[in-house]
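>>> Quick one, what's the 3D model for this:
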Amino acid sequence: MTTANGNAFIFNHSVEIPVTAAPHVWAAWNELANWHRWDASLRGTDAAENGLVLGKRFAVLPNGGPGAIAVNVTALVEGSHFTTTANSPMGLLSFGHTLTLSEDRQSVQLLHSICAIPGENGSALPPPLLQKLRADVIDSVQRLAAFAVQEEPLA
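Numbers count the residues shown, from 1 in each chain. Next up is the predicted model:
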């Protein structure tokens, strides 16, 4: 789903995984030092230690990007959801990561979302950047789901 509301950009992508794979996803999210293994858009992270806690500040290092981007964990529900938010000169970027148990308790929805809001100058974020973010979210969800189902480290 992609929505453009004024200059804001909202996108999410999800896949269904077996309920037994959900703990592997949560463990992968908590291993900050290894995010680049399931998110090909990153060359790494810069965090004092692994683990997600509300308010934690660390940096993501995008491939081919402008350098380290400082993010904060701005929402956390242990075992099921966290959001990281970056406030940059281009604007506010929030990335949501959610695991939702199905009604029959046999599967889990693995969802990543983006909310990008332009900075105070109000100019829209460049379409190539938004399309790259969209493609990166789709790829990271697919890779993380494959990793969690296989229960093996990514190469």
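>>> Quick check: P118 touching L93?
No. Assessed by CB atoms under 8 Å, P118 is found out of contact with L93, at 10.4 Å. Where C-beta positions appear, they are placed from N, C-alpha and C, glycine not excepted.
>>> Pull out the buried positions in the longest helix anywhere in the chain.
The residue-count maximum for a helix in the chain (DSSP state H) belongs to helix 127-150. The neighbour-count check on helix 127-150 (16 or more other CB atoms under 10 Å) flags L130, L133, R134, D136, V137, S140, V141, R143, L144, A145, F147, A148 as buried.
>>> Ok, stretch 112-132 next?
H112, S113, I114, C115, A116, I117, P118, L125, L130.
>>> could I get the residues you listed as CSV with secondary structure, pLDDT and distance to P89?
Output for the buried residues of stretch 112-132, formatted as CSV (DSSP: H, G, I helix; E, B strand; the rest coil; pLDDT from 0 to 100; distance: CB to CB, whole Å):
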residue, secondary structure, pLDDT, distance to P89
H112, strand, 97, 24
S113, strand, 96, 22
I114, strand, 94, 18
C115, strand, 93, 17
A116, strand, 90, 13
I117, strand, 89, 13
P118, strand, 86, 10
L125, coil, 75, 11
L130, helix, 85, 16
